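> Sharing a model prediction with you, sequence too.
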Amino acid sequence: MKNLITAGAEKEQAQKGAIGRLKRFAEETEGNLILFALFLLVCMCMAVGIGIDVMRFEMTRTKLQNTLDRAVLAAADMDQTLDPEEVVADYFSRAGLGDFNIDVTVDEGLNYRNVQATTEAEIKTLLMRMVGVKTFTAPASGTAEERVSNVEISLVLDISGSMGSNHKINNLRSAAKDFVDSVVVDDADGQISLSLVPYTAQVNAGPNIFNQLQKNNNGRHSYSHCIDFDSSDFDTTTISMTKNYQQMQHFEWSSENYRPIRNPGCPMRDYERIVALSKNTAELKDTIDDYRARANTAIHIGMKWGTALLDPSMRTIVNNLRAANVVDDAFIDRPADYDDDETLKVVVLMTDGENVDTYRIQSWAYNSNSEYAHWDKYPLWYYLYRYVNSRNRSQYYYRKYSASQADTMLDNICTAAKSAGITVFTIGFEVTNHSAGVMQDCASSPSHFFRVEGTEISEAFSAIARQINQLRLLN
């Protein structure tokens, strides 16, 4: 009995001791802050580690994407002679990323090139591996396309007499032919058309266009085919199919002794005619090669024809030319409407001079077949100096408009073109400050105007060609 009582007391005492120790443990607080601080330190290290790894990932991804974007843009350039895959690989190599595997897909046709590329980088983590994240994958992809869709271009070129100096006509021929090769893609569907408009004191429309504009057969002669526009015609880009346009007189202003005249105000050679809506690069370049410097300058008339060949009002004439096998079948129902989102309309207007005063023979001396033949034979001042008394010479001619009035007409037709949505590039080739100002005002913006000297004209045409062949980063 005594032993049982003793054992019970011992058990009770042990329980009280255990309870006491638990109370003391629960009441003890020394060292708790150290544990909490260690916990916070671990959390901070993990946050810093995540930040460092994420920053490394983003830096690599950004460099990868930027390099890929530049690479596909360069590879999609239709002037690029290297294979697109080689171009992309070269960009990555130069950026120090040559070890990456890049998947390049190329889709190209006669008038476009599409380059797609994808790659990815595996980035090993530094601190996030402690929580089981050992790598990140940084992807990069991009697509670039150069596409020349429906483009209608009028190339308006000054072949006036001053182009015969300082090798200017030779430099123009070379630059213009390179331009043709750059922008006229030999495509089966006919997305690109180019019209040539050479101008001097006038523009020879050629019989195929001229005859469609003559109502009631009112052409006065068959020596040349120029239209004498009224000043109001320069307020609009259209060519009227109902207006009774007047044919320009066929005569030469000079006093040179040769017969028949060889340098009339209206050009008369076949190669001096308008070439309308062509995609035949060989024909276009052969025509440019034939250009010769002659007569004086009427920039506004060249610009009028350049814009008219982009205006939907010319559609009837173009369709008739197509039916006569003068224009390619691909250009049926061209020019396109101005609001056609698939068509870009461009005028490239070039000059080396200024507009001048323009003269015509008085109507009383130019109103019969015999008089037409007479002035085809004799240059005006050659005849006046030899056969007309000096006090009577002024009765034979009159000033149709001044150089200042011609500048106003040029400004009007340039404004009409830009208002219609035509992009206007202008080139001042070794021009005066006055001419530079006139040409810059005509351009779509100051950046669309190029003032050049000598062989720089090739650089101007190349820059314009690059802008026409718009390069787009799609995504």
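On my side now, so go ahead.

> So Val438 is in contact with Met409, correct?
No. Taking C-beta atoms under 8 Å as the definition, Val438 is not a contact partner of Met409, at 11.3 Å. Backbone N, C-alpha and C define where each C-beta goes, glycine included.

> show me where pLDDT drops low in the protein?
Applying pLDDT under 70 to the chain flags residues 1-54, 56-57, 109-111, 123, 125-134, 147-148, 186-190, 215-219, 470-475.

> In it, mark out all the strands, start to finish.
Taking DSSP state E as the test, the strands found in the chain are 103-109, 112-124, 135-147, 150-158, 192-199, 227-228, 246-247, 275-278, 343-351, 358-361, 397-401, 423-429, 449-452, 471-473.

> Met314: which of those is closest?
In terms of C-beta to C-beta, the element of the strands of the chain nearest to Met314 is strand 275-278, at 8.1 Å.

> Now do that closest one: which elements does it pack against?
Contacts defined by 3 or more C-beta pairs under 8 Å, 6 or more residues apart in numbering; DSSP states H and E place strand 275-278 against strand 192-199, helix 281-289, helix 315-323.

> Which one, of these, ends up nearest to Ser154?
Per C-beta to C-beta, nearest to Ser154 of the helices and strands packed on strand 275-278: strand 192-199, 4.8 Å.

> List the buried residues of that closest one.
Ile192, Ser193, Leu194, Ser195, Leu196, Val197, Pro198, Tyr199 (16 or more other C-beta atoms under 10 Å).

> can you list these in a markdown table and add distance to Gln246?
Below are these laid out as a markdown table (distance: C-beta to C-beta, whole Å):
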| residue | distance to Gln246 |
| --- | --- |
| Ile192 | 34 |
| Ser193 | 29 |
| Leu194 | 29 |
| Ser195 | 23 |
| Leu196 | 24 |
| Val197 | 20 |
| Pro198 | 21 |
| Tyr199 | 18 |
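
> From these, pick the one nearest Asp311.
Ser195 (11.4 Å).

> Which parts of the stretch 351-475 of the chain are helices?
369-377, 380-387, 403-420, 433-442, 456-468 (DSSP state H, counting those that start in this stretch).

> Residue ranges of each domain in this structure, please.
What automatic domain parsing lists as the domains of the chain is 32-146, 150-473.

> what's the most buried one of the ones you listed?
domain 150-473 (a mean of 19; mean count of other C-beta atoms under 10 Å).

> check contacts around Gly306.
Each residue near Gly306 by C-beta atoms under 8 Å, 6 or more residues apart in numbering is listed here: Ser154, Leu155, Val156, Ser195, Val197, Val347, Leu349.

> which one of those residues sits closest to Asn170?
Using C-beta to C-beta, Leu155 comes nearest to Asn170 of those, at 17.2 Å.

> Let me see the contact set for that closest one.
Ala176, Phe179, Val180, Leu194, Ser195, Leu196, Val197, Gly306, Val348.

> Quick one, which of the strands of the chain gets closest to Arg322.
Closest to Arg322 of the strands of the chain, according to C-beta to C-beta: strand 275-278, at 8.6 Å.

> Who are the contact partners of Val87?
Ala71, Ala74, Ala75, Gln80 are the contacts of Val87 under C-beta under 8 Å, 6+ apart.

> Also Ile159?
When contacts are taken as C-beta under 8 Å, 6+ apart, Ile159 is in contact with Ile169, Leu172, Pro198, Tyr199, Thr200, Glu272, Tyr291, Arg292, Ala293, Arg294.

> Out of those, list just those in helices.
Judged by DSSP state H, helices contain the following of those: Ile169, Leu172.

> now the contacts of Ile159 in JSON lines, with distance to Asp341?
Converted to JSON lines, the contacts of Ile159 look like this (distance: C-beta to C-beta, whole Å):
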{"residue": "Ile169", "distance to Asp341": "39"}
{"residue": "Leu172", "distance to Asp341": "34"}
{"residue": "Pro198", "distance to Asp341": "31"}
{"residue": "Tyr199", "distance to Asp341": "31"}
{"residue": "Thr200", "distance to Asp341": "37"}
{"residue": "Glu272", "distance to Asp341": "36"}
{"residue": "Tyr291", "distance to Asp341": "35"}
{"residue": "Arg292", "distance to Asp341": "41"}
{"residue": "Ala293", "distance to Asp341": "40"}
{"residue": "Arg294", "distance to Asp341": "41"}
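
> ok, back up a step: got the strands of the chain as TSV, with distance to Leu384 columns?
Below are the strands of the chain laid out as TSV (distance: least, C-beta to C-beta, whole Å):
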stretch	distance to Leu384
strand 103-109	61
strand 112-124	59
strand 135-147	58
strand 150-158	28
strand 192-199	26
strand 227-228	22
strand 246-247	23
strand 275-278	36
strand 343-351	30
strand 358-361	11
strand 397-401	9
strand 423-429	34
strand 449-452	39
strand 471-473	58
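
> so which of those gets nearest Ser240?
Checked against C-beta to C-beta, the stretch from these lying closest is strand 227-228, at 11.0 Å.

> Disregarding flanking residues, what is the spatial nearest neighbour of Arg70?
Nearest residue to Arg70 in three dimensions, chain neighbours excluded: Tyr91, at 5.9 Å (C-beta to C-beta, 6 or more residues apart in numbering).

> about what we covered before: dump the contacts of Leu155 to CSV, plus distance to Tyr223.
Output for those, formatted as CSV (distance: C-beta to C-beta, whole Å):
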residue, distance to Tyr223
Ala176, 27
Phe179, 32
Val180, 30
Leu194, 28
Ser195, 24
Leu196, 22
Val197, 20
Gly306, 24
Val348, 30
